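# I need the structure of the sequence given here:
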Amino acid sequence: MDKISVLIQQSQKLFHTSDLKVLWNVSKQSTLYQTIYRLINKKILFRIQKGLYSIVPLNQLDPVEIGFRAINRFNYLSTESVLSKNGIINQSPVKITFISDISANITINDNIFLFRQLKPQCLHNTFGIIQNDKGVFMATPERAVADMLYFQPNYHFDAQNLINWDQVKKIQKELNYL
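Residues are numbered from 1 along each chain as shown. Down below sits the predicted model:
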């Protein structure tokens with residue numbers, strides 16, 4: 001099996017160690033780590049952080065995709081990142097914000113990723129969550145508003161006229177945020 005070809009054929013550019021193990025059908029950990037080590041030395045694989053690798057250099061990757069894949073568990077882009085992108089808040093966030101089942105701050109290549117912890121029954125309810133062409137899950141603007149109000153009930157939105165409040169209330173009810 002040509003391990004490089006297998007990676008190139010994938011739609012994603014970032015892989016966890018566990019992904020590589022499955023893609024390459026490797027059962028021995030030592031073989032897996034030796035293969036990874038050799039491909040890093042040949043500059044075919046690039047280490048992003050412990051257990052996360054890319055087939056392109058770090059500076060060629062989308063920071064949102066890096067953050068999404070930085071933790072090897074379900075998460076989605078939301079709160080300030082989505083609100084800013086959609087013009088609902090004017091200030092660009094310093095951190096790229098995600099919702100997950102853990103709380104964490106991770107820095108990779110000058111990008112800071114904030115993961116806010118949400119209870120599993122809300123996190124895994126995909127109402128108001130979409131997936132982009134890179135496989136990244138993202139909140140709709142209304143889901144991001146509902147999430148933000150869950151974490152900070154008195155949060156100020158700069159462009160309230162851009163918010164579909166009926167949809168926000170529907171999401172809040174669906175997720176038991178109210």
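# So which elements touch the biggest helix by length in the chain?
Counting by DSSP state H, the longest helix found in the chain is helix 29-41. For helix 29-41, the packing partners by 3 or more Cβ pairs under 8 Å, 6 or more residues apart in numbering; DSSP states H and E come out as helix 3-8, helix 17-23. The C-beta positions use only the backbone N, C-alpha and C, and glycine is treated the same way.
# nearest to residue 66, of these?
helix 17-23 (14.8 Å; Cβ to Cβ).
# Going by neighbour count, list what's buried in that closest one.
Going by neighbour count (16 or more other Cβ atoms under 10 Å), the buried part of helix 17-23 is 19-21.
# repeat for stretch 123-132
Buried, per 16+ other Cβ under 10 Å, within stretch 123-132: 123, 128-129.
# Show me where the protein has its helices.
Under DSSP H, the chain gives helices at 3-8, 17-23, 29-41, 63-70, 79-85, 120-123, 141-151, 165-174.
# and those, which is most packed in?
The highest mean neighbour count among those, using mean count of other Cβ atoms under 10 Å, belongs to helix 141-151: a mean of 24.
# Return the distance of the helix or strand of the chain with the lowest mean pLDDT from the chain's centre.
Least confident element among the helices and strands of the chain, by mean pLDDT, DSSP states H and E: helix 3-8 (a mean of 91). Mean-position distance between helix 3-8 and its chain equals 23 Å (Cα atoms, centre = their mean, to the nearest Å).
# and if you look at stretch 49-67?
Centroid separation for stretch 49-67 versus its chain: 11 Å, with Cα atoms, centre = their mean.
# ditto for stretch 69-86
5 Å.
# measure that stretch end to end?
23 Å (Cα to Cα, to the nearest Å).
# so how far is residue 138 from residue 105?
For residue 105, the distance to residue 138 (Cβ to Cβ, to the nearest Å) stands at 20 Å.
# Those two: which has the busier surroundings?
Between residue 105 and residue 138, counted using other Cβ atoms under 10 Å, residue 138 has the larger neighbour count: 21 against 9.
# can you pull the contacts of the closest residue to the more buried one other than its chain neighbours?
Spatial nearest neighbour of residue 138, excluding adjacent residues (Cβ to Cβ, 6 or more residues apart in numbering): residue 77 at 4.4 Å. Counting by Cβ atoms under 8 Å, 6 or more residues apart in numbering, residue 77 touches 64, 67-68, 96-98, 136-139.
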